[in-house]
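Undergrad: Predicted model and sequence follow; I will ask about them next.
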Amino acid sequence: MSNKFPDSMDFQGFNAPSRVECDILDLEVEGEIPAEINGCWYRSIPDPQYPPLLGDDVFISGDGTVGMYCFRNGHVDYKSRYVMTERLKNDRAAGRSLYGLYRNPYTDDPSVQGQPRGVANTTPVYHAGRLLALKEDSRAIQLDPHTLETLGELDFGGKLKSLTMTAHPRPDPDTGELYFFGYEAGGLASREVAYCVADKNGELVREEWFEAPYVSMMHDFVVTKEHVIFPVFPTTCDLERLKAGGSHWAYEPDKDTWIGIMPRAGGVKDLRWFRGPARMAYHFMNAFSEGERVHVDACLSEVNVFPFVLEASGITATPEQMAGYLGRWTFELGGSGDSFEERILGPGGDLPRIREHEHMRDYDIGYYMTYDPANGPPLVSGPVGAGFNTLLRLQVKTGELKSFTMGPGITFQEPQPIPSGRPDHEGYLAMVIELHEKNVSDVVILEAEHIDRGPVATIRMPLRVRSGVHGNWVADEQLRNPQAH
C-alpha cells in the first residue's frame, strides 16, 4: 500500500480498518448457546478498503461490509464480505480511493465525477426474501442472504423513483409491510422526501413525495399502527458549502425542530407539522398511537454529537449537551397548536432496540447503550469517538433500569434482541464486545430480562472486527419461508 491510513480518531482503536473478508466455521463457545437460538445475525460495518483520497475522512464513509453470525444447534459460523458497490469497484480498478469528503461529490477525483458513490455500510435488512444493505444517501444494494454475494441495486423493478432509501426502514410485524423513506430524494441538497411502502411480497405499492421545511439529516423515522412520523432536525445541508469543498452537514441550533405526522390510512397531503426547540436524534426507540395522541421515544441531545459535524458548525459542546437523554414526545392531534410535550424516560445513550412484536404499539421494555465513566475511561470505537461501555434495560412504564458492564478495557456495540419463542420469556440479547487489550471482537449472549447476571454464552472470535453500525436478526424459519413474519 503506497499510502497509510491517517492517525486520527476515525482510524484508531477499533475504528482501525480491518479489510478482512473471511469464513470461520464453528467458533469457540464458552457456556451454552440456548437451543432456541437458530438463525443468522447480519451486521453492517464501515471498513475502508483504501486510505482516503484527501488524507483523512470520517468513520461513516467506510466501504460497506456485512458480517453474518449463523447460529444452528449450538454452533456458530461467521462470514464477512464487502458489498461490491460501484464505488468500491472503481476504487479497486484504480488501486486507490477516488472519492473525497463524506457525501460531497465535488471533492471526488475527476475520473468518477457523476458516478454512484454510495457505500451501503449502515444497516442490513431482510424483507420478502431479500437481504438489503442500506445507506441513506443512495438506494439499497441487494445481497444473497446465504452467501452475501452482491446482487445489485434494488429499484423495485424500476418503480422506485427516489434516489435514496433510509437505513432505518420500519417493518410491520403483523402485516409484513416495509415502510421506508428517502430524503434528498430528488438529488443532492434537495428538500424532497419520498415516502414508500413495500408489501409483504416485496412489491413497491406506494411512493409519495413532499418537501421538508429544510434539508435535514433525517437518519431515522417511526411508524405506529395508525401514523407515520417524519423528523426534521437542524443538522442541515447547504449546496454552496458543498461546492466550496465543505462538509455535507452542519448543525444550526437557531433552527426549530420540525415533526411531521400523517395517518397511515391517508397520504402526504395530510401531513401535519409540529415545532419545537433545536434537538438531534439519530435513532428512535419506538412510537405508538393512543387515539389522537402520538407518543415518540428517541435518544435525544441538544447538539449533533458527531465530531465532524461539530467542527463544521464551529460548536464546542459541553459534556451535558453530548450526554443527552432518552425522551418521549407526545403530540395531540386533536388540538390546534403546533407544540408538543416532552418528558424524560431515562439517561442518555443511543442504539435503542425493542422486541420485534412490540414495534409500532405501546410497549414495555427497551434496551440501549450508554457510556458511563464509572465503568472505565473512554476508548476509541465508533463515529463519536468514545465507545459505549454499558448496556441498559429500561422498563418504560416504571422507569426501572438494569445495567450490564464488563469494566475498563471493553466496549460494546449495538444489542440485538433475539426471541426465544416462549410467551413467558423475554428472549435474549446478542452483542459484540470489543476487548481492546486483546484486540479481538467477541460476542456475548445475555438473557434479556436478566442482563445484570452476565452472559449465558460467550462466542470467541480469533480476530478484531472493525466497529459496526447496525444489525438485524433473521430466524431460520424466515430464511426458509421469506413471507414468515
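TA: On my side now, so go ahead.
Undergrad: now the helices for the stretch 101-250 of the chain?
TA: Using DSSP state H, counting those that start in this stretch, the helices of the stretch 101-250 of the chain run over 239-243.
Undergrad: typo on my end, the stretch 351-485 of the chain
TA: Going by DSSP H, counting those that start in this stretch, the stretch 351-485 of the chain shows helices at 476-480.
Undergrad: Point out where it drops to low pLDDT.
TA: Counting by pLDDT under 70, the low-confidence segments of the stretch 351-485 of the chain come to 484-485.
Undergrad: run the last query once more with 80
TA: 483-485 (pLDDT under 80).
Undergrad: for the chain, same thing?
TA: 1-3, 483-485.
Undergrad: mind checking the longest helix of it?
TA: helix 86-94 (DSSP state H).
Undergrad: OK, contacts around the residue nearest to L242 when sequence neighbours are not counted?
TA: Nearest-residue entry for L242: N104, 5.2 Å, with adjacent residues in sequence omitted and distances by CB to CB, 6 or more residues apart in numbering. C-beta: built from backbone N, CA, C; applies to glycine. For N104, the contact set (CB atoms under 8 Å, 6 or more residues apart in numbering) comprises L242, G245, G246, S247, H248.
Undergrad: Most widely separated two among these?
TA: G245 and H248 (11.2 Å; CB to CB).
Undergrad: Overlap of the contact sets of the two?
TA: Common neighbours of G245 and H248 (CB under 8 Å, 6+ apart) are L101, N104.
Undergrad: Look at these two and report which has more neighbours.
TA: It is H248, of G245 and H248, that has more neighbours when counted by other CB atoms under 10 Å, with 25 against 12.
Undergrad: quick one, what contacts the nearest residue to L101 once chain neighbours are set aside?
TA: Nearest in space to L101, with sequence neighbours left out and distances taken as CB to CB, 6+ apart, is T107 at 4.5 Å. If you count contacts by CB under 8 Å, 6+ apart, T107 has them with L53, L54, G100, L101, G245.
Undergrad: okay but the second one is in contact with Y102, surely?
TA: No - using CB atoms under 8 Å, L54 is not in contact with Y102, being 10.4 Å away.
Undergrad: The two: which is more packed in?
TA: A count of neighbours by other CB under 10 Å puts Y102 above the other of L54 and Y102, at 19 against 15.
Undergrad: Backbone torsions only: list them for the more buried one.
TA: In terms of degrees, to the nearest 10, the main-chain angles of Y102 are phi -50, psi 120.
Undergrad: any idea how far it is from A167?
TA: 14 Å (CB to CB, to the nearest Å).
Undergrad: D350 too?
TA: From D350 over to A167 (counting by CB to CB), the distance is 14 Å.
Undergrad: what about V309, which SS state?
TA: helix (DSSP: H, G, I helix; E, B strand; the rest coil).
Undergrad: who are the neighbours in contact with it?
TA: T235, S247, W249, A250, Y251.
Undergrad: Adding neighbour count and distance to Q321 as columns, could you present these in JSON lines?
TA: Output for the contacts of V309, formatted as JSON lines (neighbours: other CB atoms under 10 Å; distance: CB to CB, whole Å):
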{"residue": "T235", "neighbour count": "25", "distance to Q321": "14"}
{"residue": "S247", "neighbour count": "19", "distance to Q321": "19"}
{"residue": "W249", "neighbour count": "21", "distance to Q321": "17"}
{"residue": "A250", "neighbour count": "21", "distance to Q321": "16"}
{"residue": "Y251", "neighbour count": "24", "distance to Q321": "11"}
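Undergrad: ok, so of the residues you listed, who is nearest E292?
TA: T235 (29.9 Å).
Undergrad: Please tell me I have it right and that closest one contacts W249.
TA: Yes - proximity of T235 to W249 meets the contact threshold set by CB under 8 Å, at 5.2 Å.
Undergrad: what's the overlap in contacts for these two?
TA: Common neighbours of T235 and W249 (CB under 8 Å, 6+ apart) are M217, N304, V309.
Undergrad: how close does the first one get to P408?
TA: When you say that, I think you mean M217. 33 Å.
Undergrad: Neighbour count for these two, which is higher?
TA: When neighbours are counted by other CB under 10 Å, M217 comes out ahead of the other of M217 and P408, with 24 against 12.
Undergrad: Isn't that one up against P231?
TA: No - taking contacts as CB under 8 Å, M217 lies outside contact range of P231: 9.5 Å.
Undergrad: All the strands of the stretch 251-400 of the chain, residue numbers only.
TA: In the stretch 251-400 of the chain, the strands defined using DSSP state E, counting those that start in this stretch lie at 257-263, 272-276, 280-290, 293-301, 325-332, 341-347, 350-353, 365-370, 390-395.
Undergrad: Of the ones you listed, which is nearest P462?
TA: Evaluated with CB to CB, these place strand 390-395 nearest to P462, the distance being 24.2 Å.
Undergrad: what comes up buried for the closest one?
TA: For strand 390-395, burial by neighbour count (16 or more other CB atoms under 10 Å) applies to T390, L391, L392, R393, L394.
Undergrad: from those, which single one is nearest A430?
TA: L391 (11.3 Å).
Undergrad: nearest residue to that closest one other than its sequence neighbours?
TA: Nearest one to L391, counting by CB to CB, 6+ apart, is F404 at 4.4 Å.
Undergrad: and the one you found, how many neighbours?
TA: F404: 22 neighbours (other CB under 10 Å).
Undergrad: Next, work out how far apart it and Q413 are.
TA: Counting by CB to CB - F404 and Q413 are separated by 13 Å.
Undergrad: for R464, what are its contacts?
TA: Going by CB under 8 Å, 6+ apart, the list of residues near R464 reads F14, A16, S18, E434, N439, V440, S441.
Undergrad: Tell me the secondary structure at the first one.
TA: Following three-state DSSP, F14 is assigned to helix.
Undergrad: Would you confirm that it contacts E434?
TA: Yes - in terms of CB under 8 Å, F14 counts as a neighbour of E434; the distance is 4.8 Å.
Undergrad: the more surrounded of these two?
TA: E434 (28 against 23).
Undergrad: Against H295, how distant is that one?
TA: From E434 to H295 the distance is 34 Å (CB to CB).
Undergrad: before we move on, the earlier item: show me which pair in the contacts of R464 is furthest apart.
TA: Longest span within the contacts of R464, CB to CB: A16 and V440, 13.1 Å.
Undergrad: Just the buried positions in stretch 15-32, please.
TA: Those would be N15, A16, P17, S18, R19, L27, V29, for stretch 15-32 by 16+ other CB under 10 Å.
Undergrad: Is L351 in contact with G387, as I believe?
TA: No - if you go by CB under 8 Å, L351 and G387 don't touch, sitting 11.1 Å apart.
Undergrad: count of residues packed around the nearest residue to R96 once chain neighbours are set aside?
TA: Of all residues not flanking R96 in the chain, Y50 sits nearest, at 5.4 Å (CB to CB, 6+ apart). Applying other CB under 10 Å, we find 21 residues neighbouring Y50.
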